[in-house]
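Colleague: I'll drop the sequence and a predicted model, then ask my questions.
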Amino acid sequence: MSKFKQLYKPLLDRAQWQAPEETALEGTGFGHWLLEPDSLSRRFQRHCDHFTVSLIEQTRIHKSQLSDDERALIGDVDCLLRKVVLMGDGIPWVFARTLIPASTLTGQESDLEQLGEMPLGLRVFTDRSARRDALVVANVGTCNDPLWARRSRLWINEKPLLVAELFLEAAPVYAKESQSWN
């Protein structure tokens, strides 16, 4: 699984994030996947027999390791860094990197540190207070061979976390029939 960190983390690091309205997402078969306001994990579960999450890394990082952009979205705070691969029927679909501020890991949300291989989206979006904002997207591939990513801030009980997701080549987002999928 370290190949995911070596191959895909650099793609997320150099992503040129854009507001969705600045890209040509509307009317595409993949746009509705990138703009999904609810749990991506829940949506993926409908497209496979066996949905799993593989935890690649989980560690605490110092606030000095955050980019200026990340600080602007979640604050200048130490974070729990979580990297996972979402898989459908054993096929890697998404590489995800989540930053959870230490201040978010308090009260009811202290369990976020114990997720292990449970999907973050399933935990966050079971809470009625959950919402998504600051959604941006990027094509980190080429025009002819796109590889799409999105980054958004999630809120749970008014506490932020930042999730960046890279949709890998085999993800249903790229399937021709995805236009008719839920």
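Modeller: Sure, I can see it.
Colleague: low-confidence ranges in the protein?
Modeller: 1-5, 176-182 (pLDDT under 70).
Colleague: Show me the strands in it, by range?
Modeller: In the chain, the strands defined using DSSP state E lie at 51-61, 79-88, 91-101, 131-139, 148-156, 159-167.
Colleague: starting at the chain centroid, how far to the second one?
Modeller: Strand 79-88 sits 8 Å away from the centroid of its parent chain (Cα atoms, centre = their mean, to the nearest Å).
Colleague: partners of that strand in the sheet?
Modeller: If you go by DSSP bridges, strand 79-88 pairs up with strand 51-61 (antiparallel), strand 91-101 (antiparallel).
Colleague: Of all the ones you listed, which one is nearest residue 21?
Modeller: The minimum distance between residue 21 and these falls on strand 91-101, with 23.0 Å, by Cβ to Cβ. Where you see a C-beta, it was placed from the backbone N, CA and C, and this is true even at glycine.
Colleague: Buried residues, the closest one. List them.
Modeller: 92-101 (16 or more other Cβ atoms under 10 Å).
Colleague: do stretch 68-75 as well
Modeller: Those would be 70, 73-75, for stretch 68-75 by 16+ other Cβ under 10 Å.
Colleague: Including distance to residue 28, could these go into JSON lines?
Modeller: Output for these, formatted as JSON lines (distance: Cβ to Cβ, whole Å):
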{"residue": "70", "distance to residue 28": "28"}
{"residue": "73", "distance to residue 28": "26"}
{"residue": "74", "distance to residue 28": "29"}
{"residue": "75", "distance to residue 28": "34"}
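Colleague: Out of the strands of the chain, the one nearest residue 124 is which?
Modeller: Among these, strand 148-156 sits nearest to residue 124 (Cβ to Cβ), with 5.3 Å.
Colleague: Run through the neighbouring helices and strands of the closest one.
Modeller: helix 2-13, strand 131-139, strand 159-167 (3 or more Cβ pairs under 8 Å, 6 or more residues apart in numbering; DSSP states H and E).
Colleague: And for it, what's in contact with it?
Modeller: 11-12, 15, 17, 30, 34, 73-74, 104, 109, 124, 127, 129-141, 160-167, 173 (Cβ atoms under 8 Å, 6 or more residues apart in numbering).
Colleague: how about the strands paired with strand 79-88, which one is nearest residue 83?
Modeller: strand 51-61 (4.4 Å).
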